[in-house]
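In: sequence and predicted model, in that order:
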Amino acid sequence: MSPPILITNARILTMTDGPGPIIGGSILIQNSTIAQISQSTINAPDAQHIDAKGRIVMPSFIDAHTHLCWAGDRLDEWEQKQRGATYLEILKSGGGIMSTVRAVRHATTEELASDLLIRLNAMLKEGTTACEIKSGYGLSTADELKMLDAITIASKSWPGRISPTACIGHAKDPEVPNFVDQTINQTLPAIHEKYPGITIDAYTEDGAWSVDETVRLFKAAKDLAPQHPLRIHADQFNALGMLEAAVELGALSVDHLEATTPESLKYLAQSRTTGVMLPCSGFHVDARYADGRSFLDNSGTLVIATNANPGSAPCLSMPMAIALAVRNLGITAAEAITACTTNAANLLGYPDIGTLKPGNRADLIMLRHTDHRQLGYEFGGSPIDLVICNGKIIH
């Protein structure tokens, strides 16, 4: 049982009716949940008292697209990029994802879990208390399972929530003949047996999985019981038609969308599939960004995330992702906040976080700002003064 916490004099973004703040509000936290939110005084003499002094209190961030479990680094390839090599050129030459695959295969489960926990704790200080983590740097059946095992181990030592994803269609091992068939006929059944119902993901792009190959994988995942939810990396560099196929298959999300045509973006916006945009990749790779403004104007459900990974987005900071989104996706700070709290919670299936209301799990942050728009205006450094995760003060 955690001791009660009372926060007073806060500008509270509950995110239950949009991003407008409750001015001068108070929040009482008891037994890991939000017990009361009020604009008047809450009587809780035994609670630890925190005077917000007019600062913003809001739901903590939910990073709904990460590749946070990896080994090794890509520093040599970063220097290749600085000399002019493109991301796809590095990938096709055996670098990129494959260089991380080799490092992951040499790492033990315990080493992967230990490194992952370090990154998770760094994210926690930046206000992220829930995230999705993909496998995908193993490619073989044994190494994909090793990654998922490492994610499971790390999650037991982290106070936040982790949603694992089996990204078994991440790349193709050039040394394995009929790699796609092996993934569908061997890796997918093994993942299903140990992690039934886990989300399945793939990367459809030139040099990675084709549309037809991805559809084969997804249909096989949907034929299993329990059925596997689907997510997809699509249109990062080239629009190959995977977006439309993913919507037809009922995918939870289509992620990236930098190369999506206006017509396809409207089609996605008017479907029940979430669009996930990853501005840290554009910042690090090629200065291309998805059209968040058009997507929202066509009634799309938008999520933004860091895409934290060693190649295209070495960033653990949701505040940085928000700052980049406001500058490059054409969205407001309020829309960006919604995209990494409420909408991200819905995508990952967490109904009790992403908003602040009585009965919800007490995952919240206090900014050093008194205006939420500062999250989109300022960049660099951490804007987080307080992190509460599962009712406990973490940072």
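Out: That came in fine, so what should we check first?
In: now do the SS call for residue 272.
Out: Classification of residue 272 by DSSP: H, G, I helix; E, B strand; the rest coil places it in coil.
In: what's the helix or strand for the residue in the chain sticking out farthest from the centre?
Out: Here the chain reaches farthest from its C-alpha mean at residue 45, the gap being 38.3 Å by C-alpha atoms, centre = their mean. Per DSSP states H and E, residue 45 falls between elements, in no helix or strand.
In: so it versus residue 28, what's the distance?
Out: Residue 45 sits 11 Å away from residue 28, taking C-beta to C-beta, to the nearest Å as the criterion. Bear in mind the C-beta positions are built from the backbone N, C-alpha and C, glycine included.
In: likewise for residue 54?
Out: 19 Å.
In: okay, these two: which has more neighbours?
Out: Comparing residue 54 with residue 28 by other C-beta atoms under 10 Å, the one with more neighbours is residue 28, at 21 against 13.
In: residue contacts, that one?
Out: Counting by C-beta atoms under 8 Å, 6 or more residues apart in numbering, residue 28 touches 4-6, 34-37, 42, 44, 47.
In: same check, this time on residue 144
Out: Contacts for residue 144 (C-beta under 8 Å, 6+ apart) come out as 135-136, 138, 166, 168, 187, 191.
In: how about a markdown table for those residues, with pLDDT and secondary structure added?
Out: Shown next, in a markdown table, are those (pLDDT from 0 to 100; DSSP: H, G, I helix; E, B strand; the rest coil):
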| residue | pLDDT | secondary structure |
| --- | --- | --- |
| 135 | 98 | coil |
| 136 | 97 | coil |
| 138 | 97 | coil |
| 166 | 98 | strand |
| 168 | 98 | strand |
| 187 | 98 | helix |
| 191 | 98 | helix |
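In: now the residues you listed as TSV including neighbour count and distance to residue 394?
Out: Below are these laid out as TSV (neighbours: other C-beta atoms under 10 Å; distance: C-beta to C-beta, whole Å):
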residue	neighbour count	distance to residue 394
135	28	26
136	26	28
138	27	30
166	29	29
168	28	33
187	23	36
191	23	32
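In: between these, which is nearest residue 296?
Out: Closest approach to residue 296 among the contacts of residue 144 (C-beta to C-beta): residue 136, at 28.8 Å.
In: right, and residue 321 touches residue 292 too?
Out: No. If you go by C-beta atoms under 8 Å, residue 321 and residue 292 don't touch, sitting 11.9 Å apart.
In: identify the residues contacting the residue nearest to residue 371 when sequence neighbours are not counted.
Out: The shortest distance from residue 371 to any non-neighbouring residue, by C-beta to C-beta, 6 or more residues apart in numbering, is to residue 56 (7.2 Å). Shown in contact with residue 56 (C-beta under 8 Å, 6+ apart): 10-13, 21, 366-367, 369-372.
In: identify the bridge partners of residue 56.
Out: On the basis of DSSP bridges, residue 56 is bridged to residue 11.
In: which residues touch residue 86?
Out: The neighbourhood of residue 86, defined by C-beta under 8 Å, 6+ apart, consists of residue 286.
In: same question, residue 370
Out: Residues in contact with residue 370 (C-beta under 8 Å, 6+ apart) are 11, 54-56.
In: any weak-confidence spans in the chain?
Out: Within the chain, the segments meeting pLDDT under 70 span 18-20, 94.
In: and it, what are its domains?
Out: Here the chain is described, according to automatic domain parsing, as comprising the domains 5-60+354-393, 61-348.
In: and those, which is most packed in?
Out: domain 61-348 (a mean of 21; mean count of other C-beta atoms under 10 Å).
In: measure it end to end?
Out: Chord length of domain 61-348, first to last residue, is 13 Å (C-alpha to C-alpha, to the nearest Å).
In: cool, and stretch 276-285?
Out: Stretch 276-285 has its terminal residues 17 Å apart, counting by C-alpha to C-alpha.
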